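In: next comes the sequence, and after it the predicted model I'd like to discuss.
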Amino acid sequence: MEQFQTRKGERRDVLMAAKEQGRLNPPTEYIGNKVFPMSYKSGEKSGDFYYQTLTADSAAQTSRTAGNALIGTFLTTTEGAYRCAAYEKRYAIERHEVKSLGGIDNADMLGISAAARSVYRAFESLCGAAVIDATGYAAKYETASGKVLEGLSKAAQSVKRYPGKTVLVCSEDWYLDFIGQTDVKAAIQATFGNAGLMNLNAMLAKGPEATIQLMIAVIQFNDILIGDNDHWQVAGYEDAAAVMRIPDPNVSLTETDKMMMYKEKAVYGVSHWWLPDPADPELLFYAESEFDGDSKDNHYDATGWFQVAELNSGAKKLVSLPSQTFATTTTTTTTTT
């Protein structure tokens, strides 16, 4: 039976193979790392960092008296603290199940993939809870029936002074409700004609993400990020989405770029990740396996160390819809967390 027992130790090989094969990705794309760009830490799991807040433009002086110095407006950074907490998950596969899975290599892949995916889902949930939060919800913009697009436009105006791209961030159900609003459907028809509405319905059959480019043209935002209901439909605030200014979600940044980004610009947020191997920033988790001789089970563990930090809350404005008329749950859960 030894051929059905996993080996003890770190499983970097399986973790990297799982990533290359796309086994860590959910049916709906992760969006948390686009809202909170990852900043990697290779030393301590906690410490201090400095970031920029929004400095209001100051009026230029005129009629300065000769001999008097100009009055300076200081541009300073704000000190913050980070602590990368550990998030862990274990999956187990009974030894007698290994044969039916096609052998120990397949069992190892299944176990390590599930454990790492569950840890990343914890990160995604943290991101959703940080964006759709109680403070933001209390100050949300409540859109009126027939004036949803007007409400989005006003929300976008409220965050325009922050750097980055204007992005709508929402759950799957919120997005479907949004498309079903009367003024949104009218705008689609005005922009693309009756064929636009027909194409929209056809594209929705492939999933909400298939309609993003069409809807960007309607709302005139730079992008739309649709998150899995499991993480972005936050309990108690299900009717809320966020209009945000964030770094271009379609541009990959180097680690130096990301560090300078929040030091030089008043960006919305950042996520701090402690790396198990500083030489390999692609390796976000520590994965290991072990056979338990007492229970006769193969154990597969994954651990990630991270923190989500909101730096400039003014770069987001939550909005709610007047009614939920188009909601259909589309989430497919791939693992148990």
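Out: In hand now; what should we look at? Numbering: from 1, shown residues only.
In: burial check on E44, number of neighbours?
Out: Residues lying near E44 (other C-beta atoms under 10 Å) number 10. For every residue, glycine as well, the C-beta is placed using N, CA and C.
In: distance check, it against T256.
Out: Using C-beta to C-beta, to the nearest Å, E44 is found at 20 Å from T256.
In: may I have the strand ranked longest in the chain as CSV, with CA atoms only?
Out: Secondary structure assigned by DSSP state E gives strand 297-310 as the longest strand of the chain. In CSV, the C-alpha atoms belonging to strand 297-310 read as follows (Å, rounded to 0.1, in the frame of the first residue of the first chain):
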residue,chain,number,x,y,z
ASP,A,297,-4.8,9.4,5.4
ASN,A,298,-2.7,11.6,3.1
HIS,A,299,-2.7,15.1,4.4
TYR,A,300,-2.1,18.2,2.2
ASP,A,301,-1.5,21.6,3.7
ALA,A,302,-1.1,25.1,2.3
THR,A,303,-0.3,28.3,4.2
GLY,A,304,-0.2,31.9,3.0
TRP,A,305,0.8,35.0,4.9
PHE,A,306,-0.9,38.3,3.9
GLN,A,307,-2.8,41.4,4.9
VAL,A,308,-5.1,43.7,3.0
ALA,A,309,-4.7,47.4,3.7
GLU,A,310,-7.0,50.2,2.7
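In: sheet-wise, list the partners of the helix or strand just after it with their directions.
Out: With elements assigned by DSSP states H and E, the helix or strand that comes after strand 297-310 is strand 316-320. Using DSSP bridges, strand 316-320 pairs in its sheet with strand 141-142 (parallel), strand 240-246 (antiparallel).
In: and the one helix or strand in the chain whose mean pLDDT sits lowest, what does it pack onto?
Out: Taking mean pLDDT, DSSP states H and E as the measure, the helix or strand of the chain with the lowest value is helix 255-264, at a mean of 80. Contacts defined by 3 or more C-beta pairs under 8 Å, 6 or more residues apart in numbering; DSSP states H and E place helix 255-264 against strand 38-41, strand 46-52.
In: between these, which gets nearest to S171?
Out: Smallest distance to S171 across these (C-beta to C-beta): 21.9 Å, for strand 38-41.
In: for the closest one, buried residues please.
Out: M38, S39, K41 (16 or more other C-beta atoms under 10 Å).
In: what's in contact with it?
Out: 47, 49, 82, 84, 255, 258-259, 262, 270-275, 278, 281 (C-beta atoms under 8 Å, 6 or more residues apart in numbering).
In: from what I can see K160 touches R245, true?
Out: Yes - at 7.2 Å, K160 counts as touching R245 under the criterion of C-beta atoms under 8 Å.
In: among these two, which residue is more densely surrounded?
Out: Each of K160 and R245 has its neighbours counted (other C-beta under 10 Å); R245 has more, 24 against 9.
In: got a list of what the more buried one touches?
Out: V159, K160, Y162, P163, G164, K165, T166, V167, Y268, A315, K316.
In: sec struct for A130, please.
Out: helix (DSSP: H, G, I helix; E, B strand; the rest coil).
In: that one and A81, how far apart?
Out: A130 is 16 Å from A81, by C-beta to C-beta.
In: these two: which is more packed in?
Out: Using other C-beta under 10 Å as the criterion, A130 and A81 rank with A130 on top: 21 against 11.
In: where do the strands sit along the stretch 101-250 of the chain?
Out: For the stretch 101-250 of the chain, the strands defined by DSSP state E, counting those that start in this stretch occupy 141-142, 165-171, 223-227, 240-246.
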